[in-house]
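K.L.:
take this sequence and fold it.
(chains A and B)
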Amino acid sequence: MNTPAIEVHELVKIYPDHRGGEGVRAVDGVSFHCRPGEVFGLLGLNGAGKTTTLRMLSTSLTPSSGHASVNGFDIATESQQVRRSIGFLSGTTGLYHRLTAREMVRLFGELQGLRGRQLDERVDEVFSIFGIDRYADQRCEKLSTGMKQKVNIARTVVHDPPVLILDEPTSGLDVLAASTTLDFVEQARDEGKCVLFSTHIMSEVERLCDRVGILHRGRLRAVGTPDELKQASGERYLEEVFKRMVKDDPA
Amino acid sequence: MRQALMVLRKEIREASRDRGMLLHLVLIPLFLYPLLGFGAWQIFLLIEGSAERRPALVLLDASLPADLGDSLRTRPHLRVEEIELEAGVGRPREESTGTQVREGSTTAGIEAGATAERLPSIADFRHLRQQRKEDPPQVLLAWDATRRRYGLYHDSSRESSQRARAVVAEVVRARIERVEEERGRELGMSGPELRPFVIEAVDTASPRQLGRYLLSLLLPVLLVIMLPQGAYYATLDTVVGERERGTLETLITSPLQRGEIILGKFLFVTLSSLVSFALNLLSLGLFLGFVLQLMGIGDSIGVQPSLVDILVILVAATLTAAFLSAAMMVAAVGSRNYREGQTALMPLYLLPALAGLVIATQGDVLSPALAWIPVVNVAALLREVLRGQPQPSIIVHSLVSLLVFTSLSLAIAARIGRREEILFDPRLPLRRLLRWGLRSERKP
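P.N.:
Purely as a prediction, here's the structure:
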């Protein structure tokens, strides 16, 4: 079996209150791992701690305790290397509206260390992969929602990262734009990338995830393949499994 | 540094495509003076035009010598009408003297220092205007033959009355001088005997000195108004806008260090501030040159600054822009949207302008204590340098002060910028931001 690209061990995040004391324990001792060529889905209600977990793994947030590594780099001490190894996409990672699609993707390619011909070729390649060549020189503000999402994905993968962290990437998208995103996740898995994916949409989990972790009130309640979870709970559908987990464990 | 320059390049590219930014950073600084000048010129033409359309009516006491009326009739924009001043309209009234002098709306007593019982009162002049309200007189010139005094009545709240008063006063003065000369000749006096003392004012300032003086009046004000203007809009766009548009998280998850992001944005804000100032300076220079030529005094005032002047202006402007940029970034970093950002930045936008006005209206104000107040010190310093009277110790104090305050503000901005709450906390009061900025972060 491959070495995990993401390893999370007893990760805790406590948001302090306004006086600096302990406020909210958003993530409470979460542990899991994700291997290359695997899509790991983090499933949970709003406020379950999915986004906080992913933000810690993308080094936007600092863990209160516990540790984690991405592509072999420690998120606390090697944050820059971690960010070079990941492509991070969420419903809140916006585009620079006044830049063209090409400028946007080039900028992030440069920030990831690509230069000159290598950068040009890679930008052309991702535009071709996502079929957005025709829109490359249009400003992002003039693109449709679907096109914006494609540009955002191109921005995420321009440096060909081994790990993708996607936080509810289909949130707020129409059916076609969401489908583009899901196709991209499948393609990434086929290319051997490690994909960590958070959602609360069961159909996406059923379609994409090799393994699932159900997160509730900051704690990971169950981890396994969708079939393993169904078998263990005796439920036919993953949605029922999820509802039971949340219901049975009001914490 | 290379990464910070990438951020700077991105900011410049974005700014160059934003109409609002172009308006505030380029167009307003560049066209402010020509537009203001054009506006002022149009108003002037309008006033002149209306004055020409309706010449001012001057009422002349019929007892005045005829040649005075003849002289007045030769002047443009005046209509002269003689009037018999009768009891009830004019003389004599007891209230006249004291009231006239106190209210200062008449130039009585031109020819002699007698009391004014025989001149009309203010109430009489008002009554006359009221009587002829369809075509009110702008000036009344009365004559007290007993006391040998002229009474020149006008209404200083009206432009046309003021202009007519000036013309009439000039004609009367000329007549007084003529009469004095005639009397002198009759007594066998002439030239120096008639006027034994003459004051001759000699201006020793060279055109260049005059030019530097003019610059010393204008530049400090320009500096403290235009630098904040450029920094204000750039900060709103690059700090507040990044947060509001949801692109900050996109940037944060790239390999950029937080310090590089802050440095890149700081460079952009500083550059915007300087560009705004430089364009405004260019615009002012061209406009001033044009106006001086138009007035025919272009050769007597040399507004071209020397190389040393330019160097001083450049250093002063750069340091001030850097300080303002860092301070504005600290003020704006907690704002969630443009409205909050505008509220947070407004004091930093207005205070320097206020300081500039103080500097412009005060005399030699730069003391060692004042030299430690950022922005004020540079405005005052610039003024002193351009007037050729800088004190080296005060220059050092001012520059050190700016460097200290800029470094401090930038350090606070960097400390705040490193806080993860900046990204995700919806509520960031200024007190909390300053606490983060001034205290070192406690690791959880």
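K.L.:
in terms of pLDDT, where does the residue nearest to A:L95 when sequence neighbours are not counted sit?
P.N.:
Spatial nearest neighbour of A:L95, excluding adjacent residues (C-beta to C-beta, 6 or more residues apart in numbering or on different chains): A:C140 at 4.3 Å. From N, CA and C alone the C-beta is placed, and that goes for glycine too. For A:C140, the model assigns a pLDDT of 91.
K.L.:
do the same with B:L410
P.N.:
Looking at B:L410, the pLDDT reads 84.
K.L.:
what's near enough to touch it?
P.N.:
B:262, B:266, B:322, B:326 (C-beta atoms under 8 Å, 6 or more residues apart in numbering or on different chains).
K.L.:
chain A: which of those is nearest?
P.N.:
Nearest to chain A among the contacts of B:L410: B:I262, at 15.2 Å, using C-beta to the nearest C-beta.
K.L.:
secondary structure element for the closest residue to the closest one other than its chain neighbours?
P.N.:
Leaving aside its chain neighbours, B:I262 sits nearest to B:G417 (4.6 Å; criterion: C-beta to C-beta, 6+ apart). Using DSSP states H and E, B:G417 falls within helix B:392-418.
K.L.:
in that helix, which residues are buried?
P.N.:
B:394-395, B:397-399, B:401-402, B:405-406, B:408-410, B:412-417 (16 or more other C-beta atoms under 10 Å in any protein chain shown).
K.L.:
mean confidence for stretch B:22-37?
P.N.:
The model assigns stretch B:22-37 a mean pLDDT of 83.
K.L.:
and that stretch, anywhere near chain A?
P.N.:
No: counting by C-beta under 8 Å from any C-beta of the partner chain, chain A has no neighbours in stretch B:22-37; the shortest distance is 11.4 Å.
K.L.:
distance from that stretch to the middle of the chain?
P.N.:
Remark: stretch B:22-37 is offset 16 Å from the chain centroid, using C-alpha atoms, centre = their mean, to the nearest Å.
K.L.:
can you list contacts of it?
P.N.:
With C-beta under 8 Å, 6+ apart as the criterion, stretch B:22-37 contacts B:15-16, B:226, B:229-230, B:232-234, B:272, B:275-277, B:279-280, B:282-284, B:287-288, B:291.
K.L.:
tally of neighbours for the closest residue to chain B within the stretch 151-251 of chain A?
P.N.:
Among all residues of the stretch 151-251 of chain A, A:R155 sits closest to chain B, at 7.5 Å; criterion: C-beta to the nearest C-beta. By other C-beta atoms under 10 Å in any protein chain shown, 27 other residues sit near A:R155.
K.L.:
show me what contacts A:I153?
P.N.:
By C-beta under 8 Å, 6+ apart, the neighbours of A:I153 are A:89, A:130, A:180-181, A:184.
K.L.:
farthest pair in those?
P.N.:
The distance between the two most remote of these (C-beta to C-beta) is 12.8 Å, for A:L89 and A:F130.
K.L.:
pull the number of nearby residues for the residue in the stretch 101-250 of chain A positioned nearest to chain B.
P.N.:
Going by C-beta to the nearest C-beta, chain B is nearest to A:L111 of the stretch 101-250 of chain A, at 4.4 Å. Neighbours of A:L111 under the rule other C-beta under 10 Å: 21.
K.L.:
and if you look at A:P36?
P.N.:
18.
K.L.:
what sits against it?
P.N.:
A:2, A:5, A:162, A:192-194.
K.L.:
one step back: and the residue nearest to A:L95, how many residues sit next to it?
P.N.:
A:C140 - counted by other C-beta under 10 Å - has 21 other residues nearby.
K.L.:
quick one: which of the contacts of A:I153 has the most company?
P.N.:
A:L89 (26 neighbours).
K.L.:
in space, what's closest to it - neighbours in sequence excluded?
P.N.:
That would be A:T156: by C-beta to C-beta, 6+ apart, it lies 4.6 Å from A:L89.
K.L.:
wait, a strand at B:V58?
P.N.:
Yes: residue state for B:V58 (DSSP: H, G, I helix; E, B strand; the rest coil) corresponds to a strand.
K.L.:
for it, give the beta-bridge partners.
P.N.:
Counting by DSSP bridges, B:V58 is bridged to B:V80, B:V139.
K.L.:
so what's the residue count around it?
P.N.:
Counted with other C-beta under 10 Å, B:V58 comes out at 26.
K.L.:
tell me where the stretch 151-251 of chain A has helices.
P.N.:
Remark: helices assigned in the stretch 151-251 of chain A by DSSP state H, counting those that start in this stretch are A:175-190, A:202-208, A:226-233, A:238-248.
K.L.:
near chain B at all, the helix or strand A:E10 falls within?
P.N.:
Secondary structure from DSSP H and E places A:E10 in strand A:6-16. Yes: judged by C-beta under 8 Å from any C-beta, strand A:6-16 comes into contact with chain B through A:14, A:16.
K.L.:
helix/strand/coil for the residue in the stretch 201-350 of chain B that chain A sits nearest to?
P.N.:
Taking C-beta to the nearest C-beta, chain A has its nearest neighbour within the stretch 201-350 of chain B at B:G246, 3.5 Å off. Put simply, B:G246 is coil when judged by three-state DSSP.
K.L.:
what pLDDT does residue 184 get?
P.N.:
In the absence of a named chain, this looks at chain A. 85.
K.L.:
right idea, wrong chain: chain B
P.N.:
85.
K.L.:
who touches it in this structure?
P.N.:
Counting by C-beta under 8 Å, 6+ apart, B:G184 makes contact with B:190, B:193-194.
K.L.:
look at it and tell me its secondary structure.
P.N.:
helix.
K.L.:
mind checking how far it is from chain A?
P.N.:
Using C-beta to the nearest C-beta, to the nearest Å, one gets 80 Å for the distance from B:G184 to chain A.
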